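>>> Test case, fold it:
(one chain, ligands or ions: 1)
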Amino acid sequence: MTQLQEQTCEACRADAPKLTAEQIDALLVEAPGWQVEERGGIAQLNREFTFANFAEALAFAQKVGELAEAFDHHPMIVTEWGKATVYWWTHKIGGLHKNDFIMAAKTSGL
Ligand SMILES: C[C@H](O)[C@H](O)[C@H]1CNC2=NC(N)=NC(=O)C2=N1
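Below is the predicted model:
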């Protein structure tokens, strides 16, 4: 996990290739707790984080947002009482890029 977590996102270009199923399977091994689900035809990496209450979930969401701003790569975060679900995918390519796994690993490290 630390290996992915320490990497930095490469500048993702619109013509960057989406990860293949094999590449996704290999990267999932390095991102325990994360799963890939397709939403609206787009493969997304997601993980649910649980907390004691809403305030803690919100504080976590804020940290994820700061991480996203630092790397200019942004997730969807669904924040609820006791839960925050983080979704990573690359808008530019409408799918998954290694950057999404790097950001997921960093999210797990928060
Ligand atoms: C202009 C800015 O760098 C781009 O729009 C970035 C911002 N954050 C992003 N976040 C994600 N998840 N995918 C992108 O393609 C993306 N592009």
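>>> Now do the buried residues in the lengthiest strand in the chain.
In the chain, with assignment by DSSP state E, the single longest strand is strand 42-50. Residues of strand 42-50 classed as buried: Ile42, Ala43, Gln44, Leu45, Asn46, Arg47, Phe49 (neighbour count, 16 or more other C-beta atoms under 10 Å). In this view, the C-beta of every residue, glycine as well, is placed from N, C-alpha and C.
>>> Quick check: phi and psi at the closest residue to the fourth one other than its chain neighbours.
In other words, Leu45. Of all residues not flanking Leu45 in the chain, Trp88 sits nearest, at 4.5 Å (C-beta to C-beta, 6 or more residues apart in numbering). Recorded main-chain torsions at Trp88 are phi -120, psi 130, according to degrees, to the nearest 10.
>>> picking up where we left off before, can you tell me the average pLDDT over the following helix or strand past the longest strand of the chain?
Downstream of strand 42-50, the first helix or strand assigned by DSSP states H and E is helix 54-71. Across helix 54-71, pLDDT averages out at 98.
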